[in-house]
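K.L.:
Turn this into a model:
(chains A and B)
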There are 2 protein chains.
Amino acid sequence: MVLLREVIGSQLRHARKAQGATLRDISTKANVALGYLSEIERGQKEPSSELLSSICLALEISVSTLMRGVTNEAARIENQVRPIKANRTNTNSKAA
Amino acid sequence: MVLLREVIGSQLRHARKAQGATLRDISTKANVALGYLSEIERGQKEPSSELLSSICLALEISVSTLMRGVTNEAARIENQVRPIKANRTNTNSKAA
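P.N.:
Prediction:
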């Protein structure tokens, strides 16, 4: 079962680390306690919608951008998809 | 500001109505009080991740499917996109 708060948390952490920001940086900007932000990132707390918007603002990403990552990650978990080879060559087909 | 619970609520309602199910149908299947489900659909309550998964199960949609709709709707709200005409006819072009 996919738990939304776990996927949201991992995506928030991913977005923060991608920009080299610390928990302290984002907790200050979003006006949330550092320990609480850490619990959210670890999927242990459900952030309110207002707080989630504040964290997105602090990360300078839109809610829809966050949710796009959440959607993809949720789908990956649901399907247990393995990486797909980008370049599949069909050696049997020939152009006429 | 996009509030996630409002977008989730509207998408849950949309999914329920698309299959002609009543609030009673889904509240029974998801084991949630009818009034509470109605408040979730109206964006007035934040469902827990566990409850959201139960509602998705009752609606027979995956969490990622719900979140895909949420992503698109959130992006629409952020961009204030107006509906795009489905059938745009170019009366100036002619096939050679």
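
K.L.:
dump the residue contacts of the most centrally placed residue in chain A.
P.N.:
Chain A has residue A:11 as the residue nearest its centroid, 1.6 Å off, counting by C-alpha atoms, centre = their mean. Shown in contact with residue A:11 (C-beta atoms under 8 Å, 6 or more residues apart in numbering or on different chains): A:66, A:69, A:70, A:73. From N, CA and C alone the C-beta is placed, and that goes for glycine too.

K.L.:
need the residues of chain A near chain B, please.
P.N.:
A:1-6, A:46, A:48-50, A:52-53, A:62-64, A:67-68, A:70-72, A:74-75, A:78 (C-beta under 8 Å from any C-beta of the partner chain).

K.L.:
In helices only, show me those residues.
P.N.:
In this view, those that belong to helices under DSSP state H are A:4-6, A:49-50, A:52-53, A:63-64, A:67-68, A:70-72, A:74-75, A:78.

K.L.:
If any of those are buried, give me the ChimeraX selection for them.
P.N.:
Typed into ChimeraX, the next command selects the buried ones out of these (criterion: 16 or more other C-beta atoms under 10 Å in any protein chain shown):
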select /A:4,5,6,49,52,53,63,64,67,68,70,71,72,74,75
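
K.L.:
which of the contacts of residue A:11 lies closest to chain B?
P.N.:
Taking C-beta to the nearest C-beta as the measure, residue A:70 is the one of the contacts of residue A:11 closest to chain B, at 5.6 Å.

K.L.:
The closest one and residue A:9 touch, don't they?
P.N.:
No: Residue A:70 is beyond contact range of residue A:9, at 9.8 Å (criterion: C-beta atoms under 8 Å).

K.L.:
Low-confidence regions, chain A specifically.
P.N.:
In the predicted model of chain A, residues A:81-96 satisfy pLDDT under 70.

K.L.:
can you tell me the helix or strand for the residue nearest to the centre of chain A?
P.N.:
For residue A:11, the element it lies in under DSSP states H and E is helix A:4-18.

K.L.:
Buried residues, that helix. List them.
P.N.:
A:4, A:5, A:6, A:7, A:8, A:9, A:10, A:11, A:12, A:13, A:15, A:16.

K.L.:
Who are the contact partners of the second one?
P.N.:
What it means is residue A:5. A:40, A:43, A:44, A:45, A:46, A:47, B:49.

K.L.:
Quick check: ChimeraX command selecting the buried ones in those.
P.N.:
Burial among the contacts of residue A:5 is assessed by 16+ other C-beta under 10 Å; the matching ChimeraX selection reads:
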select /A:40,43,45,46,47 /B:49
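
K.L.:
which among the contacts of residue A:5 gets closest to residue B:31?
P.N.:
residue B:49 (15.4 Å; C-beta to C-beta).

K.L.:
Verify the stated contact: that closest one with residue A:44.
P.N.:
No: look at residue B:49 against residue A:44 with C-beta under 8 Å: they stay out of range, at 11.0 Å.
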